[in-house]
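Visitor: build me a structure from this.
(one chain, ligands or ions: 3)
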Amino acid sequence: MEPVRLLVNSSWHVAKAAPGIPALDVIRGELHLTATKEGCREGDCGACAVIVGEWTSGGIPRYRAVPSCLLATGDLEGKHLLTLEGLVEGARDGLTPVMRAFLDENASQCGFCTPGFIMALTSWLAEPQVADLAGALRAVDGNLCRCTGYAAIRRAARRLVQEFADLPLDPVERLKALVEAQVLPSSVLEYLARGPGHVPADFAAPATALMQPSERIGASAVVGGGTDYYVRNPDPDAGFAPLLIKRHPALAHIRYHADAQQQWLEVGAAVTVRDFFSSPLVRSEVPGIARYETAFASTLIRNLATVGGNIVNASPVADMTAMLMALGATLVTAPSDLASDSERLIPIEAFFLGYKKLDLAPSEVLKAIRLPAGRSANGSLQFSFEKISKRRNLDIAAVNTALVFTIEEGRCRGVRLSLGGVAPIPILSDAARDVLEGAMVPQDDPKALARLALATAQAAAASVSPIDDVRGSAEYRRRMVHQLILAHFVRLFESSGIAEELFP
Ligand SMILES: Cc1cc2nc3c(=O)[nH]c(=O)nc-3n(C[C@H](O)[C@H](O)[C@H](O)COP(=O)(O)OP(=O)(O)OC[C@H]3O[C@@H](n4cnc5c(N)ncnc54)[C@H](O)[C@@H]3O)c2cc1C
Ligand code: FES
Ligand code: FES
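Guide: Ligands and ions are numbered 1, 2, ... in the order given. This is a model prediction of the structure:
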């Protein structure tokens with residue numbers, strides 16, 4: 001097992017802890033950097049947020065905040081870990097501008113949550129995008145404060161928007177400008193100067209790209225982003241060395257492929273939820289998909305969670321699974337050494353065999369997800385996702401659903417409607433497909449469109465047999481299926497007047 005080498009603030013460090021130990025324990029227990037707080041240890045509060053700097057597979061540096069309680073230490077190999085202690089190194093009066101904004105706006109009281117907010121807002125400033133208040137608030141949608149109240153934090157965010165409206169949009173120039181402004185420390189420049197994949201000579205022992213299967217402890221010791229794994233296993237054994245999916249660069253790409261018969265996007269299993277929604281390829285193949293990003297967890301979790309982990313976790317209400325199932329994804333599995341001659345292709349709906357039972361052998365991993373491509377060329381691909389949960393952010397759905405079809409010569413074709421939370425596994429609704437497939441889409445006739453929506457919703461709701469549980473009764477879930485399908489139609493045909501017909 002190779003030790004994990006990383007730049008912690010301004011010093012290189014070799015972790016004593018095993019690669020499967022959550023980074024929070026290394027930060028507080030091994031490095032004694034106690035500004036990073038332990039709150040929930042479940043990804044809910046954001047008090048443990050740190051910033052991780054890395055070079056992407058495209059050779060671009062980026063700094064993003066993640067919850068360290070759910071982050072495998074092994075995933076920090078060769079990366080730059082910034083904690084609050086590192087941010088203030090060299091800052092003029094011991095405060096960065098983000099901290100100064102909090103101080104001036106009285107945005108901290110007991111202070112327990114404050115380091116997490118500071119890390120989240122600092123990493124938001126490092127994102128190469130125009131700074132606006134909506135973006136700032138989105139950056140802290142995974143941070144909880146229990147005593148100050150959010151009005152003061154909002155004021156601090158607004159102050160930062162005003163102060164940093166003109167940052168460069170080039171990723172490297174932006175990081176340099178933030179170092180200049182003392183938002184980020186000068187250690188960022190050291191990390192940038194080294195370039196991708198370079199650690200100092202003293203630390204340059206050859207790294208193992210992926211733990212060998214023989215080093216795995218137990219059949220389920222595979223970790224993607226860890227946002228499900230560490231919630232279920234918060235205190236792994238001291239020597240825990242799982243197979244770390246993110247350590248394999250080949251699994252981090254989204255690429256376009258075509259052969260004589262078909263075109264598809266290959267989404268590596270290690271692609272994060274954040275990168276999936278930001279991908280220009282995904283956005284152009286599935287127009288409108290970007291608007292659903294914030295339905296999934298929080299920014300902190302999306303920065304860490306992988307698309308593959310969402311599928312293999314096999315939750316009946318997994319949001320990415322619902323979207324990918326409607327989009328007609330095919331899964332690529334492989335032995336854990338990723339040998340391509342033993343790959344299997346499985347339609348996503350056939351992957352789920354029973355509650356948390358998958359068509360995946362213990363020796364196999366999910367390697368990639370294939371999405372059919374080329375359907376958006378004439379602008380006719382329709383995609384909608386809906387989810388009902390108790391809270392808007394950071395909550396798992398009681399019921400979720402996605403709908404996909406194309407409109408060809410005025411008729412629905414290739415209908416796929418996924419449903420989550422109504423059976424032990426995520427399912428496709430045959431009943432909805434039977435109503436919609438081949439049906440005329442009367443876009444200029446809101447009454448007829450409303451009748452089609454109602455027929456689809458009634459057929460789907462009547463065909464499911466959900467169970468009662470803590471998130472909702474069987475009857476509630478059936479009712480939600482009905483309402484969420486109507487919501488698909490309202491969203492897809494917003495300007496048709498259908499909303500007034502359905503909800504006069
Ligand atoms: C606060 C919070 C909010 C959340 N909100 C949502 C939400 O809104 N919607 C939602 O759908 N989910 C949500 N989740 C659940 C979770 O974030 C997602 O399911 C996420 O996509 C899991 O991905 P991961 O990479 O972190 O998986 P991991 O935790 O790394 O792995 C999950 C499971 O899959 C296995 N695994 C992972 N990758 C592979 C692979 N490539 N091959 C084989 N096995 C693999 C692991 O062994 C593990 O059993 C939330 C979680 C938290 C903590
Ligand atoms: S301790 Fe709450 S998110 Fe990590
Ligand atoms: S300042 Fe006390 S929890 Fe936020």
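
Visitor: which bits of the chain sit near ligand 3?
Guide: Within the chain, the positions near ligand 3 by Cβ under 6 Å from any ligand atom are 108-114, 145-148. Backbone N, C-alpha and C define where each C-beta goes, glycine included.

Visitor: and if we set it to 5 Å?
Guide: Contact residues (Cβ under 5 Å from any ligand atom) of the chain with ligand 3: 109-110, 112-113, 145-148.

Visitor: farthest-separated two in the residues you listed?
Guide: In the residues of the chain next to ligand 3, the most distant members under the criterion Cβ to Cβ are 112 and 148, with 10.1 Å between them.

Visitor: so those two - more neighbours on which side?
Guide: Taking residue 112 and residue 148 together and counting by other Cβ atoms under 10 Å, residue 148 has the greater number of neighbours (20 against 17).

Visitor: confirm for me that the more buried one is in contact with residue 109.
Guide: Yes - here residue 148 lies in contact with residue 109, judged by Cβ atoms under 8 Å, at a distance of 4.4 Å.

Visitor: what's the overlap in contacts for the two?
Guide: Applying Cβ atoms under 8 Å, 6 or more residues apart in numbering, one finds that no residue jointly contacts residue 148 and residue 109.

Visitor: tell me which parts of this protein are close to ligand 2?
Guide: Counting by Cβ under 5 Å from any ligand atom, the positions of the chain adjacent to ligand 2 are 39-41, 43, 45, 48, 67, 69.

Visitor: gap between residue 389 and residue 470?
Guide: Using Cβ to Cβ, to the nearest Å, one gets 12 Å for the distance from residue 389 to residue 470.

Visitor: flag the shaky bits of the stretch 301-450 of the chain, pLDDT-wise.
Guide: Counting by pLDDT under 70, the stretch 301-450 of the chain contains low-confidence ranges at 378-379.

Visitor: show me where it has its strands.
Guide: Counting by DSSP state E, counting those that start in this stretch, the stretch 301-450 of the chain forms strands over residues 330-335, 344-347, 352-354, 357-358, 364-372, 381-388, 399-408, 411-420, 427-428, given from the N-terminal end onward.

Visitor: circling back: neighbour count: residue 389 and residue 470, which is higher?
Guide: A count of neighbours by other Cβ under 10 Å puts residue 389 above the other of residue 389 and residue 470, at 19 against 5.

Visitor: follow-up on the earlier one: so which of the residues of the chain next to ligand 2 sit within strands?
Guide: Here DSSP state E is the test, and the residues of the chain next to ligand 2 give residue 67 as lying in strands.

Visitor: looking at the residues of the chain next to ligand 2, which is nearest ligand 1?
Guide: residue 43 (3.1 Å; Cβ to the nearest ligand atom).

Visitor: count of neighbours near that closest one?
Guide: The burial metric for residue 43, expressed as a neighbour count using other Cβ under 10 Å, is 27.

Visitor: list the contacts for it?
Guide: With contact taken as Cβ under 8 Å, 6+ apart, residue 43 is in contact with 67, 69-70, 142, 227, 231, 297-298, 300-301.

Visitor: for it, give me the pLDDT.
Guide: The score at residue 43 is 97. That number is its pLDDT.

Visitor: from residue 247, how far off is residue 175?
Guide: 24 Å.

Visitor: before we move on, what about residue 44?
Guide: Between residue 44 and residue 247 the distance is 26 Å, computed by Cβ to Cβ.

Visitor: do you know the pLDDT at the closest residue to residue 45 other than its chain neighbours?
Guide: Leaving aside its sequence neighbours, residue 45 sits nearest to residue 39 (Cβ to Cβ, 6 or more residues apart in numbering; 3.7 Å). Here, the pLDDT recorded for residue 39 equals 98.

Visitor: please apply the same query to residue 293.
Guide: You'll see residue 293 listed with a pLDDT of 97.

Visitor: hmm, back to that, neighbour-wise, give me the winner out of the residues of the chain next to ligand 2.
Guide: Counting neighbours by other Cβ under 10 Å, residue 67 comes out on top of those with 34 neighbours.

Visitor: who touches it in this structure?
Guide: Contacts for residue 67 (Cβ under 8 Å, 6+ apart) come out as 43, 46, 48-49, 142, 227, 300-301, 304.

Visitor: among those residues, which lie within helices?
Guide: The subset of the contacts of residue 67 located in helices under the criterion DSSP state H comprises 300-301, 304.

Visitor: identify, from these, the entry nearest to residue 339.
Guide: Within the set of these, residue 304 lies nearest residue 339; the separation is 27.7 Å, counting by Cβ to Cβ.

Visitor: one step back: and residue 175 and residue 247? which has more neighbours close in?
Guide: Comparing residue 175 with residue 247 by other Cβ under 10 Å, the one with more neighbours is residue 175, at 25 against 21.

Visitor: can you verify the more buried one is assigned to a helix?
Guide: Yes - when the secondary structure is assigned by DSSP: H, G, I helix; E, B strand; the rest coil, residue 175 falls within a helix.

Visitor: looking at it now. What's its pLDDT?
Guide: Per-residue confidence at residue 175 stands at 98 (pLDDT).

Visitor: Three-state assignment for the residue lying closest to it once chain neighbours are set aside, please.
Guide: Distances taken as Cβ to Cβ, 6+ apart put residue 188 closest to residue 175, at 5.6 Å, once the chain neighbours are dropped. What three-state DSSP gives for residue 188 is helix.

Visitor: got the contact list for residue 188?
Guide: Residue 188 makes contact with 53, 63, 80, 82, 175, 178-179, according to Cβ under 8 Å, 6+ apart.

Visitor: quick one: low-confidence parts of the stretch 101-250 of the chain?
Guide: When residues are selected by pLDDT under 70, those of the stretch 101-250 of the chain lie in 201-220.

Visitor: ranges for the helices of it?
Guide: With DSSP state H, counting those that start in this stretch, the ranges of helices along the stretch 101-250 of the chain come out as 114-126, 133-139, 150-163, 171-180, 187-194, 229-232.

Visitor: before we move on, what about the stretch 401-504 of the chain?
Guide: Assigned helices in the stretch 401-504 of the chain, in chain order: 430-436, 446-463, 474-492, 498-502 (criterion: DSSP H, counting those that start in this stretch).

Visitor: so which elements touch the first one?
Guide: Here helix 430-436 touches strand 411-420, helix 446-463, going by 3 or more Cβ pairs under 8 Å, 6 or more residues apart in numbering; DSSP states H and E.

Visitor: mind putting these into JSON lines with mean neighbour count and distance to ligand 1?
Guide: Below are the helices and strands packed on helix 430-436 laid out as JSON lines (neighbours: other Cβ atoms under 10 Å; distance: least, Cβ to the nearest ligand atom, whole Å):
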{"stretch": "strand 411-420", "mean neighbour count": "21", "distance to ligand 1": "9"}
{"stretch": "helix 446-463", "mean neighbour count": "19", "distance to ligand 1": "20"}
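
Visitor: just to revisit the earlier point, by neighbour count, which of the residues of the chain next to ligand 3 wins?
Guide: Neighbours were tallied for each of those (criterion: other Cβ under 10 Å), and the maximum of 25 neighbours falls on residue 113.

Visitor: ok, for that one, nearest residue in space, not its chain neighbours?
Guide: Excluding its sequence neighbours, the residue lying closest to residue 113 (Cβ to Cβ, 6+ apart) is residue 145, at 4.5 Å.

Visitor: just residue 221 next, same as before
Guide: If the residues on either side of it in the chain are set aside, residue 221 comes closest to residue 242, at 4.1 Å by Cβ to Cβ, 6+ apart.
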